[in-house]
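> Task: produce atomic coordinates for the following.
(2 chains)
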Number of protein chains: 2
Amino acid sequence: MSGQQQTRGNNLDPWFPSYAERTSGLSASEVRALFAVASRPEVVSLAGGMPNVSALPENLIRSAFDRVMTTNGPTALQYGSGQGVPALRENILRVMGEEGISASVDDVVTTTGSQQAIDLVAKLFLDPGDVVLAEAPSYVGAIGVFRSYQARTVHVGTDDEGLVPEALRAAIAAERAAGSAIKFLYTVPTFHNPAGVTLSAARRPEILDICQSAGILIVEDNPYGLLYFGAPPPPPLRTLDAAGVVYLGSFSKTLAPGFRVGWAVAPHAIREKLVLAAESAILSPSSFAQLIVSEYLDTADWRSQIGTFRNSYRERRDAMIGALAEHLPELSWTVPDGGFYVWVGLPPGLDSKQMLPRAVTELVAYTPGTAFFADGTGRNFMRLSFCHPTPESIRVGIRRLATVVGGELDLLDTFSGTGPLASRRPRRRVDSPPPDLD
Amino acid sequence: MSGQQQTRGNNLDPWFPSYAERTSGLSASEVRALFAVASRPEVVSLAGGMPNVSALPENLIRSAFDRVMTTNGPTALQYGSGQGVPALRENILRVMGEEGISASVDDVVTTTGSQQAIDLVAKLFLDPGDVVLAEAPSYVGAIGVFRSYQARTVHVGTDDEGLVPEALRAAIAAERAAGSAIKFLYTVPTFHNPAGVTLSAARRPEILDICQSAGILIVEDNPYGLLYFGAPPPPPLRTLDAAGVVYLGSFSKTLAPGFRVGWAVAPHAIREKLVLAAESAILSPSSFAQLIVSEYLDTADWRSQIGTFRNSYRERRDAMIGALAEHLPELSWTVPDGGFYVWVGLPPGLDSKQMLPRAVTELVAYTPGTAFFADGTGRNFMRLSFCHPTPESIRVGIRRLATVVGGELDLLDTFSGTGPLASRRPRRRVDSPPPDLD
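Alright, predicted model coming up:
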């Protein structure tokens, strides 16, 4: 559990012997631990995944609230259905329709953010020792959930077109040969967190075909699909296969995360169990939050609001990519066509985790790549988020990061005997890495 | 699993072989299954636990919302801390202060209703086969959670003063002799759901002492403590022991359940793990809902509002107890000094579960006692809720119930050979049960 704080307890905790086995796998996520640091106003945080809620006009929320209280107050204040408010589930069908998904309102379960949907799917399927397949790298919050059910995340190779089909076939074969029970493939095919890549249209049917042939369920997590910067991305996997895909959606990025409203769409038998698991976990999701989101979708021009978000995030992505090219040409990075994240590769010898305290001293924060691997690898990567800071802050942050990386490279040169002076500033301005860093 | 619909799946579900072992324990709660029936307007539902939100003036919510958006809009719409909004946690200390609890703001974790707190505590402590001790009967939603983690609920005898200390000692001894790992005692000491009884002041230190001596953690669930009808109840167990009690509170009954805001107060080491488990499950609770509740507590006269709820529920309890005495004297029942529920014992030979379809035909609903036992017992009991219907509806409901019970007794007489005519109406009007029903 490299890079994770062990939290099962210790001899100072009288309840230490009582915890469940799974509790030893509960660990403070590196992303969450950074929130405290990142919240200091002088730090430019490129670490978190907080959306730019300032792009959402407050009056849209005020008028949705007002209409809910006027027309539906007692329902908003009361317990509701464990599956979620029917009116919202109808509206979720319209939102998913934007990406070509057709489903029945009966297939939809609303959840306390799509994080809860990941947790509930994991609870339904994962016994200790089971395997979940996921991209390399993968979403830190999903890896944590799978670990909390004592399952093992097996990473599958990705490239600029997302999951590599050959790598998926090989992983399935290897795990099955070793006797593992593979319960599902967890994937973020579009505007991946953290990798910033999108599974290509050509590969989507191939990935589905591999999973269908192997009898492996797909959990498709798609919080960013509508936040594209150019042409729309290829349609979700769910549009190609309703029986083999559990689809997860969220209003956290297209509206606001403060409501904690997400959803799952699942084949009937799984959906039934999801509702039971949700009722066991929370009885019912917040009627109040669900009705406000539903009213917003009924009456506000939400498509245009998503357009506003797209423009805001495109501008920020451009600021980040431009600043990286200007100040950190010795690094490599993905250029996302949507979403929130750029995945950055460091020159050999640099360690994003070891470098983080130095970065914080320079008043910039990022997420080390190790957060996104279940096996402690990823030290030569970092995730940079362009979702929350302004374009100007992003440029400041990348300049600070260049200072940090420059300092680390100098240190590396010093220890490798080349000496700092010979290799210092000029080298960092060229477009390709110098030979000794290849 | 008597009385529970098996939901692991069947041969029509292609994912049947993939579910986790725990999923076979997920079952539709009888209370939740009744919600569909109870929502038909012609049915008087004495089944659910929906609070009387119509006693909450809507303007209190409107002004709290308005102030949150004016002063704190971007925070309300954003992700927050996994432990919960600090301002709300401060206010929760004030609410708990009403019952004599003193704690640090650092000890409090806000959750998506206190149901989530039960779920998270269970996730932290319960391995398959572990034992949870709980009152006989116990809260249906907690039994379901423990089952979902493959633990076994062992019921401990109760009487009109709550948990019986001797029965608790005996249960601990018996389970330990059998080699079971007892992880905690789950208890609702005040205005019990469903039993309507309160653990007496004299027994509270004794129950604590038994658990302390045995090294058993107590999970004290107290959603109803402030809803007393006469004198305040004895102080919570948490006031007597901060190190051995995880305390659960909720705004669902003293404000409104639609926000889904509850909380846990736990010893430090457990609290740390609770936050990690909460982050894994939902990242963070709704900032929006938490800030509105906090603003309400900051500015509204919430103590007086709780007084309004008390008066409303006292009137409803009186209506129910009065109607039971008038129309169903052959039954026995508890008389709660607060909370939502009356626990009713049926004459021998009657089966509350079997009788339910007949009751629904007569347009009255209740919860069969079997819902509140993990072992399928409880058929000779039912839970009647007086929280949601008006006093007049309660009286109508009890009259309908009397028709149902009368019909069942007649049927019983017929089958036992006494014949219906000899025993019919007059017998049901006397104050004590006739000898043949003892």
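
> What parts of the stretch 101-250 of chain A come near chain B?
For the stretch 101-250 of chain A, the residues in contact with chain B (C-beta under 8 Å from any C-beta of the partner chain) are A:112-113, A:115-116, A:119, A:123-127, A:130, A:141, A:144-145, A:148-149, A:183-184, A:215, A:217, A:243. No exception for glycine: its C-beta is placed from N, CA and C like everyone else's.

> just the buried members of these?
A:112-113, A:115-116, A:119, A:123-127, A:130, A:141, A:144-145, A:148-149, A:183-184, A:217 (16 or more other C-beta atoms under 10 Å in any protein chain shown).

> Return the subset of those residues lying in helices.
Using DSSP state H, the members of these that fall within helices are A:G113, A:Q115, A:Q116, A:D119, A:K123, A:L124, A:F125, A:G141, A:G144, A:V145, A:S148.

> in the stretch 201-350 of chain A, which ranges drop under the pLDDT threshold?
In the predicted model, the stretch 201-350 of chain A carries no residue with pLDDT under 70.

> Would you map the helices across it?
Ranges of helices in the stretch 201-350 of chain A, per DSSP state H, counting those that start in this stretch, are A:203-214, A:268-282, A:287-299, A:302-327.

> so how far is the first one from its chain's centroid?
How far helix A:203-214 lies from its chain's middle: 22 Å, per C-alpha atoms, centre = their mean, to the nearest Å.

> Could you do the second one as well?
Here the centre of mass of C-alpha atoms in helix A:268-282, compared against the chain's by C-alpha atoms, centre = their mean, lies 23 Å away.

> again, but for the third one
With C-alpha atoms, centre = their mean as the basis, the distance from the averaged C-alpha position of helix A:287-299 to the chain average is 24 Å.

> Okay, angle between that helix and helix A:302-327 too, please.
Helix A:287-299 runs at 100 degrees relative to helix A:302-327, counting by axes from the mean of the first three to the mean of the last three C-alpha atoms, to 10 degrees.

> One more: the shortest one?
Here helix A:203-214 runs at an angle of 100 degrees relative to helix A:302-327 (the same axes, to 10 degrees).

> now the ones in helices among the buried ones among the residues of the stretch 101-250 of chain A next to chain B as TSV including distance to B:P232?
Putting those into TSV (distance: C-beta to C-beta, whole Å) gives the following:
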residue	distance to B:P232
A:G113	38
A:Q115	39
A:Q116	36
A:D119	38
A:K123	39
A:L124	43
A:F125	47
A:G141	43
A:G144	42
A:V145	42
A:S148	40
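
> And the furthest pair within those?
A:G113 and A:F125 (19.4 Å; C-beta to C-beta).

> Tabulate the helices of the stretch 201-350 of chain A in CSV, adding columns for mean neighbour count and distance to B:V68.
Output for the helices of the stretch 201-350 of chain A, formatted as CSV (neighbours: other C-beta atoms under 10 Å in any protein chain shown; distance: least, C-beta to C-beta, whole Å):
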stretch, mean neighbour count, distance to B:V68
helix A:203-214, 17, 42
helix A:268-282, 23, 22
helix A:287-299, 24, 13
helix A:302-327, 17, 21
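
> Nearest to A:M50, out of the ones you listed?
Counting by C-beta to C-beta, A:M50 lies closest to helix A:302-327 out of the helices of the stretch 201-350 of chain A; the figure is 12.4 Å.

> Now find how far off-centre the closest one is within its chain.
18 Å.

> Quick one: list the elements packing against that helix.
strand A:341-345, helix A:391-416 (3 or more C-beta pairs under 8 Å, 6 or more residues apart in numbering or on different chains; DSSP states H and E).

> If we use 7 Å, what do you get?
Counting contacts by 3 or more C-beta pairs under 7 Å, 6 or more residues apart in numbering or on different chains; DSSP states H and E, helix A:302-327 packs against helix A:391-416.

> ok and the helix it packs on relative to strand A:341-345, angle-wise?
Inter-element angle recorded for helix A:391-416 and strand A:341-345: 10 degrees (by the same axes, to 10 degrees).

> residues touching A:V342, list them.
Neighbouring residues of A:V342 by C-beta atoms under 7 Å, 6 or more residues apart in numbering or on different chains: A:G196, A:M320, A:W333, A:T334, A:P336, A:L384, A:F386.

> at 8 Å instead, please
Contacts for A:V342 (C-beta atoms under 8 Å, 6 or more residues apart in numbering or on different chains) come out as A:196, A:317, A:320-321, A:324, A:333-336, A:383-386.

> May I see those arranged in CSV, with distance to A:K353 as well?
Putting these into CSV (distance: C-beta to C-beta, whole Å) gives the following:
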residue, distance to A:K353
A:G196, 20
A:R317, 25
A:M320, 21
A:I321, 24
A:L324, 20
A:W333, 18
A:T334, 20
A:V335, 24
A:P336, 23
A:R383, 12
A:L384, 15
A:S385, 17
A:F386, 21
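
> and of these, the nearest to chain B?
Distance to chain B, by C-beta to the nearest C-beta, is smallest for A:S385 among the contacts of A:V342, at 12.5 Å.

> which one is A:Q115 nearest to, not counting chain neighbours?
With C-beta to C-beta, 6 or more residues apart in numbering or on different chains as the criterion, A:Q115 has its nearest non-adjacent residue at 4.7 Å, and that residue is B:L283.

> Could you measure from the one you found over to A:L217?
Counting by C-beta to C-beta, to the nearest Å, the gap from B:L283 to A:L217 is 23 Å.

> next one: A:D301
From A:D301 over to A:L217 (counting by C-beta to C-beta), the distance is 36 Å.

> Show me the shaky parts of the stretch 1-150 of chain A.
A:1-11, A:29-39.

> Please name the residues that touch A:Q78.
The contact partners of A:Q78, taken as C-beta under 8 Å, 6+ apart, are A:S287, B:M50, B:P51, B:V53, B:A256, B:P257, B:G258.

> Just flag the most distant two among these.
For these, the farthest-apart pair by C-beta to C-beta is A:S287 and B:P51; their separation is 12.6 Å.

> Surely A:V156 and A:P137 touch.
No. The criterion here is C-beta atoms under 8 Å, and A:V156 misses it with A:P137 at 10.7 Å.

> How many neighbouring residues does A:P223 have?
When neighbours are counted by other C-beta atoms under 10 Å in any protein chain shown, A:P223 registers 27.

> typo on my end, it should be A:T71
Neighbours around A:T71, by other C-beta under 10 Å: 11.

> quick one: it is in a helix?
Yes. Under DSSP: H, G, I helix; E, B strand; the rest coil, A:T71 falls within a helix.

> any idea how far it lies from chain B?
Distance of A:T71 to chain B, computed by C-beta to the nearest C-beta, to the nearest Å: 12 Å.

> what does A:A202 give?
For A:A202, the distance to chain B - C-beta to the nearest C-beta - is 27 Å.

> wait, what's in contact with that residue?
Going by C-beta under 8 Å, 6+ apart, A:A202 touches A:E161.

> again, 10 Å this time
Residues in contact with A:A202 (C-beta atoms under 10 Å, 6 or more residues apart in numbering or on different chains) are A:E161, A:P165, A:P234.

> Now the buried members of the residues you listed.
Here the buried ones among those, as counted with 16+ other C-beta under 10 Å, turn out to be A:P165, A:P234.

> Could you tell me how many residues sit around the residue in the stretch 51-200 of chain A positioned nearest to chain B?
Nearest residue of the stretch 51-200 of chain A to chain B (C-beta to the nearest C-beta) works out as A:L77 at 3.8 Å. A:L77 has 23 neighbours, counted by other C-beta under 10 Å.
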